[in-house]
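**Q** Model the following, please.
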Amino acid sequence: APLPAPLRLAIESLDARPSNPSELVELTQSVAEYTASHPHAAVPVLVDILGFNNNIAAATAVAALASAPASPATLAALLSGVSAFNYAVNAYSLRALGLRKDPTILPICAQAVTSSPIPNVRRAAVAAIGSLDYPWAAPEGQRAGKEAGERL
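**A** I've put the predicted structure just below:
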């Protein structure tokens, strides 16, 4: 199915690199609006936005990525962010993965905690671990893990 015109135009504008931070934030919001309906197009673009060095755009992208439909393609895009050469993208991708609360990412987070040379990436990985939902964990254990992640 063809992409809606606003999404297509936002992606094209992002490919051409926005001329200022406000434009980047607006384009990110436009792409984020289509995350649920067109994740195949929106999710990889949102992961790319994590590396644009704009905290507001990154926060918008992380929120959209956290709520993107669960699929192998969504997980693959987020994992590509975890392994990207850009450390900010690593940390933001780990945050988005943590917000998804999927305990299957525990090994990825644990590897980032133990092997990343960047403190921000390690903190994001620990926070992600603290936010994961473990169906076998007692509620007080889940609460303690969440509180530990929030302190970081």
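
**Q** residues contacting residue 93?
**A** 47, 50, 65, 78, 79, 80, 81, 82, 84 (C-beta atoms under 8 Å, 6 or more residues apart in numbering). Glycine gets a C-beta too; all of them are placed from N, C-alpha and C.

**Q** next structured bit after the strand or helix carrying the fourth one?
**A** Here residue 78 is covered by helix 72-82, with elements defined by DSSP states H and E. Later in the chain than helix 72-82, the nearest helix or strand by DSSP H and E is helix 87-100.

**Q** CA atoms only for that following helix, dumped as CSV, please.
**A** C-alpha atoms of helix 87-100 as CSV (Å, rounded to 0.1, in the frame of the first residue of the first chain):
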residue,chain,number,x,y,z
TYR,A,87,26.4,5.9,21.3
ALA,A,88,23.3,8.1,21.7
VAL,A,89,21.4,5.9,19.3
ASN,A,90,22.5,2.9,21.5
ALA,A,91,21.2,4.5,24.6
TYR,A,92,17.9,5.7,23.1
SER,A,93,17.2,2.4,21.5
LEU,A,94,17.8,0.6,24.9
ARG,A,95,15.3,3.1,26.5
ALA,A,96,12.7,2.3,23.8
LEU,A,97,13.3,-1.4,24.2
GLY,A,98,12.9,-1.1,28.0
LEU,A,99,9.7,0.8,27.6
ARG,A,100,8.3,-2.1,25.6
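
**Q** what's the very next helix or strand once past that helix packed up against?
**A** Past helix 87-100, further along toward the C-terminus, the next helix or strand under DSSP H and E is helix 106-115. Here helix 106-115 touches helix 72-82, helix 87-100, helix 119-131, going by 3 or more C-beta pairs under 8 Å, 6 or more residues apart in numbering; DSSP states H and E.
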